[in-house]
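Participant: Turn this into a structure:
(2 chains)
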Protein chains: 2
Amino acid sequence: MSEVGAAEPWAVRETALPRSEEDLRQAESIFALANGHIGLRGNLDEPHPCGMPGTFLNSLYEEREITYPEAGYAFPERTQTVVNAPNAKPITLRVGDEPFDPRTGTLTRHERVLDLRAGTLTREVEWTSPGGAEVRIRSVRLVSFQRPSVTATRYEAYADAPLTVESDLVVNEELPGGRDDPRASAIIEDPFETISYDRDVLLHRTKTSRLEVAAAVTHTGAEGTVSSSPLHIRWTATGHGSITFDKFAAYRWNETDPREQALKDRDAAARDGFDVLLDEQRAYLDDFWDGADVEVDGDPDIQQAVRFGLFHVLQAAAQAGPHPIPAKGLTGNGYDGHTLWDTETYVLPVLTYTHPDCAGMALRWRHSTLGAARSRARELRLDGASFPWRTISGPECSGYWPAGTAALHVNADIADAVLRYYQATCDEDFMRTAGRELLDETARLWQSVVYLDEQGLGHIAGVTGPDEYTALMDDNIYTNLMAEQNLRAAGSPVRLHVPYDEQRQVHDQSAGFTRLPAWDFSDEDYPLMLHHHYLNLYRKQVIKQADLVLAMVKRPDAFTTEQKRRNFAYYEARTVRDSSLSAPVQAVLAAELGHLTRAHEYLAEAALLDLRGSGESGGDGLHIAACAGAWTALVMGFGGLRDHDGRLSFVPRLPPRLTRLAFHLRWRDGRLAVTIKPDAVTYEAKHAPVDFHHHGDHVRLAAGERVTYPLEPVEDLPAPPTPRPPRTISA
Amino acid sequence: MSEVGAAEPWAVRETALPRSEEDLRQAESIFALANGHIGLRGNLDEPHPCGMPGTFLNSLYEEREITYPEAGYAFPERTQTVVNAPNAKPITLRVGDEPFDPRTGTLTRHERVLDLRAGTLTREVEWTSPGGAEVRIRSVRLVSFQRPSVTATRYEAYADAPLTVESDLVVNEELPGGRDDPRASAIIEDPFETISYDRDVLLHRTKTSRLEVAAAVTHTGAEGTVSSSPLHIRWTATGHGSITFDKFAAYRWNETDPREQALKDRDAAARDGFDVLLDEQRAYLDDFWDGADVEVDGDPDIQQAVRFGLFHVLQAAAQAGPHPIPAKGLTGNGYDGHTLWDTETYVLPVLTYTHPDCAGMALRWRHSTLGAARSRARELRLDGASFPWRTISGPECSGYWPAGTAALHVNADIADAVLRYYQATCDEDFMRTAGRELLDETARLWQSVVYLDEQGLGHIAGVTGPDEYTALMDDNIYTNLMAEQNLRAAGSPVRLHVPYDEQRQVHDQSAGFTRLPAWDFSDEDYPLMLHHHYLNLYRKQVIKQADLVLAMVKRPDAFTTEQKRRNFAYYEARTVRDSSLSAPVQAVLAAELGHLTRAHEYLAEAALLDLRGSGESGGDGLHIAACAGAWTALVMGFGGLRDHDGRLSFVPRLPPRLTRLAFHLRWRDGRLAVTIKPDAVTYEAKHAPVDFHHHGDHVRLAAGERVTYPLEPVEDLPAPPTPRPPRTISA
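Facilitator: Numbers count the residues shown, from 1 in each chain, chains lettered A, B, ... in the order given. Below you'll find the model as predicted:
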């Protein structure tokens, strides 16, 4: 458990140095700074203690061969792994002859603050050295939202003693070993070879993927001397009593002449100065929060967590540009830095309504990988495009196909994100140059996958749906319904089968699911996948994560309310939420069905997973989809937002403990502010007219207009039993 | 294609040096000698040319770590791979200054004969060296059936020139690299470290598995000098005009004091001499053939092939003792030297009726691995014992679980082999000490796997049947019926579901199979697994190998004749026989249903696969199950032998081209000779009375009694279409 202090509305505060390595790693994820292009884990300024160093440059990866005990045709032969880029974070302080190390001497104050409006990580330290010197340090770190290539640190140290600072840019730094968890990432040692180096900039290249990266660094505010070597630039400065300086770094990679570009960006940042960068950062975030903020009264933890989540979603996406949004953002090397369906399904809906440009760019990135997806489809003897289960630059990198390549739904998820983005923005240029082709090519894939029975009803055999405790099933409802939507959007409608168990009066997650043997839920060794063979999991009625429940959220039109209610109860009793993708979805449906406290509990489980986590660790990076999940649970759950039919609609409600929920959405040219209180809901349009539905009734507000409706009372129904109780919320 | 000459009834003859490396490898498999304990690939005497060296000692293996791109719980962490043991085959001849190398000079005669009654590999060479020396060589090699640890070679060379022989025992010899086929084996380089060496015996140890092996060698008949080094013993002798000697080697491993034992065995062999070994060999084989021979009139290729197959089945099993019978016998390193379900399902039925002691020993070996199988069951959260898909010493070594661990049917296959062996032998000691426990522990496994529906009917979800182009299916008929038999035999009867498609009036290989999309059979890139992703194969109606058809052979009681007929036609049209296990089974059912020529074609396909193969290569070892398949197709197919209900029964018939089929079976204390001619079938009991059924009628013959029935005429029905035409037979 990290040392995150009491909930604050706009900040995350650490008030003690994390004690264990695991806690340190988690704190490094929580306090990571990123702009979608560059990510810096929240490592301390000094190199030690350190859980896992991390400087991630979006799409800077190394390639590795995949070896299989028993290979098969079209099993990917290479994978991509994010590498730890040249690190400009380290600043080592020496006080007299003593190195500053917070683990020695007496640490009388340690405070780090992630400021969600300033976009900075501030640190304050008071420390007495083993020799008795009293030292104060203050540092402020930022990764610029407005200057994608730039990071900067302001560093101040005070002591009544001679002070020496060594400020480094270091390549191929030593990394701790991996862990014994199949979900952990590969560690690539020494990924870089040197092309050139001097006192200003290092130019390196990954050894196998041959990607070039330039890292330039400079310091202002104090005089220092610079030395360099093939893997190192070091700036050394001394002072007495105090030493203060600003450090600017700029990275350029995967482009022509990155060295010159990095120098230019560094120089511009240093010339403008740290204060200007701070101002730019705040201005960027002010604009973001104006259209994205969510206010929650009645649960301070959730208030903090939803902003923390939105901030990290923004950090994962803001300047990703034509690059992917990885499942861990740029906060860690988990999942090897890969992008999965999480992005389109869990992250892009949030960005679509809070920062639509980022959603559009992420989909343009998908479009840029169409070549690889077409090749993959050919390889699989399918038509159209088959997008990868996990990748950095486009090719399939999954090494376990039953839960990778077989999860064809990722293609429908991409189409779903395209539709949502287009509906919310009317971005015709996107549709013309990327969206339409994504819809058409994924639809072509489905046309080659779907087969018709004698009644002309479509089926999909042998694929894996969202639930990874079931694989290679026929007629997975989620896949079928999403493929159906995909085909319809491309103008090739086919009706797909939706299996239903007449006897139990519930839908089958996949054909025959409800007739599988029961799972013995007396076992509580979660996650089950670390304690049970897939053979055992796959053939029983145990569900890792929302699957049919996700289908009921994404395609509510395909189910009656009574079906939803019975399905929810049936699947709630069989879902263990071993994936962080589950709780937000269950929260949304629980809210819809009136299980308001259960929805609040799932909201808390998603929102606090990384911020106040225990057990499910974010040490190798935050779960960006869970970060998005707090918004999802609040806005789609209690706000009742749905958008499956091209209309923006709301069915608002509040759980007992919340006294107010307000959120802002961007919709086409306007913005909509929604404020839900126990007795009323108010909608206000800004900048442009907004059309939406309230409880099924069409509403059109002119710019600046607002309307208030009484809140329809919803009884907080007791929730159906679940084998794994959700996170409890304080009363 | 190897250079095997015209069919001879009791020999396989090679009349030219194979030209390509692939042909050389295949010939090395065909001409392999083995006794179940030791196997020598048919490498030439001189080290070059060589396709793949091979000296295999049963259960002498190295361990390797298995690494997975994405590991899962209870995925095996280590695998076992057969190693190339110390090699006592190499004999290098020098004529004057010229080395004998059949690729140089002029090879005027090259002949190798595998003599199926003598149990020897004889070689005759006439060669003119580049320098003009005329050389004759004759060698005879044997692996003693009666002395499990002993191999011997008689070597004679003649030339009007000075002759030098270097005869080696060599450890860690260089191996060629592996091939690009997922079914190929791992190559373990330099597996051994030296414990001790001298001029008589080498003692080595595998580096990781720590298995010790002693190899002793000696030469008689000529004077020579011996040198030794840690990886080598070399005997050098010279002569003029001629040189002749006998070479004896003895191997001992996986036991205490192997060095002393090897020396003792070597000395005994050398003392008794090569001629005694030859006599012992022939006596052993005379007895074998007396109870096992199959005579075929009308198709000389099949006559040769069925004896070749029986000989290699014997070679794989004779002295295996408490060790497994690998899928490739000891003829190559294919499948890493692993034993699979092939043994119990395809090989043991043949041995049960031709050399029952070997079948019993193989099952005792299974019993000896019960500890590992119980541990594996625990790991899988199942009861009883879960035997491995592939192994050498017992632990699961499969690295692709959907076609490995998920193939739970292997447990029922073992039980089936136990029942057959016990019925055929009444070996009470075996049943008391091994068989009963195998039946009970596999039945306990099924009890924990089978679940009952509301009607009390049993189901098995999410397992893989014999057909490896379908995986993780529910209610695989073969698995269900074999598990049902297993449970019944252990006294815990449960009726299992047998899915049936009422509309198409055929059984479903697994639940829903007949409703899967069709395969496009215009593609002829066989084997399909090298050209199609499993995703594609698994979800369509394409079948690698007999699965439902095997169920109809093993459990004929579960199907009516009309069902068999419709099922056979339906599945024949969807089966591509990408496994060598398929054709013999299809032959049996084709014969039963009156598709006699089709049965003959499948018989030929199985019987000639390795001996006269093309394409499907046996270069990394013979397909021992296919070797057994010739017997199966003849005896179970045309003989109509069935034994599923504890009774031995026959429904004999002959395909148009065969004029006579005679075979011998061992049954309890007696032997039964069956002779089928176009107009009559004769049964003769030997040694003891034999009970059996002829066309359903009970017959009891006293020892020495014979009975003749007219052969009931069977019309040769046209065979249903198949996407991949079987091997053609000449008219």
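Participant: In this structure residue A:392 contacts residue A:324, no?
Facilitator: Yes. Shown here, residue A:392 and residue A:324 form a contact pair, counting by Cβ atoms under 8 Å, at 6.6 Å. In this view, the C-beta of every residue, glycine as well, is placed from N, C-alpha and C.
Participant: any shared contact partners between these two?
Facilitator: A:59, A:339 (Cβ atoms under 8 Å, 6 or more residues apart in numbering or on different chains).
Participant: where does the residue lying closest to residue A:419 once chain neighbours are set aside fall, phi/psi-wise?
Facilitator: Leaving aside its sequence neighbours, residue A:419 sits nearest to residue A:489 (Cβ to Cβ, 6 or more residues apart in numbering or on different chains; 5.6 Å). Backbone geometry at residue A:489, expressed as degrees, to the nearest 10, gives phi -60, psi -30.
Participant: mind listing what residue A:489 touches?
Facilitator: A:415, A:418, A:419, A:439, A:443.
Participant: Can you name the residue of the stretch 601-731 of chain A nearest to chain B?
Facilitator: Closest residue of the stretch 601-731 of chain A to chain B, Cβ to the nearest Cβ: residue A:620 (15.0 Å).
Participant: Not counting sequence-adjacent ones, nearest residue to that residue?
Facilitator: In space, residue A:620 is closest to residue A:334, 3.6 Å off (Cβ to Cβ, 6+ apart).
Participant: Neighbours of that neighbour, how many?
Facilitator: 24 (other Cβ atoms under 10 Å in any protein chain shown).
Participant: Touching, it and residue A:390? I think so.
Facilitator: No. Using Cβ under 8 Å, residue A:334 is not in contact with residue A:390; the gap is 11.5 Å.
Participant: Please state the backbone phi and psi of the residue nearest the centre of chain A?
Facilitator: What sits nearest the mean C-alpha location of chain A, by Cα atoms, centre = their mean, is residue A:624, with 1.9 Å. Note on residue A:624: its backbone torsions stand at phi -60, psi -30 [degrees, to the nearest 10].
Participant: now do residue A:239
Facilitator: According to degrees, to the nearest 10, residue A:239 has phi -160, psi 180.
Participant: what's the burial count for it?
Facilitator: Neighbour tally, residue A:239, other Cβ under 10 Å: 18.
Participant: mind checking how far it is from residue B:70?
Facilitator: Using Cβ to Cβ, to the nearest Å, residue A:239 is found at 51 Å from residue B:70.
Participant: repeat for residue A:245
Facilitator: Using Cβ to Cβ, we find residue A:245 at a distance of 45 Å from residue B:70.
Participant: Where does pLDDT dip in chain A?
Facilitator: Applying pLDDT under 70 to chain A flags the ranges A:1-3, A:177-186, A:614-617, A:730-731.
Participant: Domain boundaries for it, per the record?
Facilitator: Per the record, chain A has its domains at A:86-178+A:186-290, A:343-440, A:450-575, by automatic domain parsing.
Participant: Quick check: which of those is buried the most?
Facilitator: When you average the neighbours per residue for each of the domains of chain A (mean count of other Cβ atoms under 10 Å in any protein chain shown), domain A:343-440 leads with a mean of 22.
Participant: chain center to that domain, what's the gap?
Facilitator: Relative to its parent chain, domain A:343-440 has a centroid offset of 16 Å by Cα atoms, centre = their mean, to the nearest Å.
Participant: so how far does it reach from one end to the other?
Facilitator: End-to-end span of domain A:343-440 (Cα to Cα, to the nearest Å): 20 Å.
Participant: and stretch A:458-468 with chain B, contact?
Facilitator: Yes. Counting by Cβ under 8 Å from any Cβ of the partner chain, chain B has neighbours in stretch A:458-468: A:459, A:461, A:462, A:463.
Participant: For the last one, which non-adjacent residue is closest in space?
Facilitator: The spatially closest residue to residue A:463, leaving aside those adjacent along the chain, is residue A:408, at 4.9 Å (Cβ to Cβ, 6+ apart).
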